[in-house]
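Colleague: I need the structure of the sequence given here:
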Amino acid sequence: QVQLVESGGGLVQAGGSLRLSCAASGRTFSTAIMGWFRQAPGKEREFVAAIIRSGEITDYADSVKGRFTISRDNAKNAVYLQMNSLKPEDTALYYCAARAYSISTRGADYPNWGQGTQVTVSS
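Modeller: Presented below is the predicted three-dimensional model:
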């Protein structure tokens, strides 16, 4: 079992920045792949970014490329999402997720999820 706890969400103006954090505990071998997903009201959950344990491979949704950066600190069992140049359409509940094997953009491939942290971007 893996426990994931997100933090760092909040209200920010368009063009601003936020840094989300996700702390993992439990069976950390199951956190080889860490990902961020988001879900806006009335919309389906969508992939944002993912990173492998070494940090050498990352993947991003086209909508956030060049604005968001995913990173991790394995010593702290943590993953981060630096979000710059935020837009109102980035408003969503952001979830941290973890899985044991290969990187994936499909939420269904991740068995471990946090409770989410709200990000609201005002125009």
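
Colleague: Which strand or helix spans the closest residue to Asn77 other than its chain neighbours?
Modeller: Closest residue to Asn77 apart from its sequence neighbours, by Cβ to Cβ, 6 or more residues apart in numbering: Ala24 at 4.4 Å. Bear in mind the C-beta positions are built from the backbone N, C-alpha and C, glycine included. Taking DSSP states H and E as the definition, Ala24 sits inside strand 18-26.

Colleague: before we move on, back to that, the residue nearest to Asn77: neighbour count?
Modeller: By other Cβ atoms under 10 Å, the residues close to Ala24 number 23.

Colleague: which residues touch it?
Modeller: Counting by Cβ atoms under 8 Å, 6 or more residues apart in numbering, Ala24 makes contact with Val2, Gln3, Leu4, Thr31, Met34, Asn77, Ala78, Val79, Cys96, Ala98.

Colleague: The second one should be in a strand, yeah?
Modeller: Yes - assessed with DSSP: H, G, I helix; E, B strand; the rest coil, Gln3 lies in a strand.

Colleague: thought it was touching Arg27?
Modeller: No - checked against Cβ atoms under 8 Å, the pair Gln3 and Arg27 is beyond contact range at 9.5 Å.

Colleague: now Thr31: how far from Ile52?
Modeller: 11 Å (Cβ to Cβ, to the nearest Å).

Colleague: Which of those two has more residues huddled nearby?
Modeller: Thr31 (25 against 16).

Colleague: Three-state assignment for the residue most central in space within the chain, please.
Modeller: Geometric centre of the chain, nearest residue: Trp36, 2.2 Å, by Cα atoms, centre = their mean. State at Trp36, reduced to three classes by three-state DSSP: strand.

Colleague: which residues does the nearest residue to it once chain neighbours are set aside contact?
Modeller: Distances taken as Cβ to Cβ, 6+ apart put Val48 closest to Trp36, at 4.2 Å, once the chain neighbours are dropped. Going by Cβ under 8 Å, 6+ apart, Val48 touches Gly35, Trp36, Phe37, Arg38, Tyr60, Ala61, Val64, Phe68, Leu81, Tyr94.
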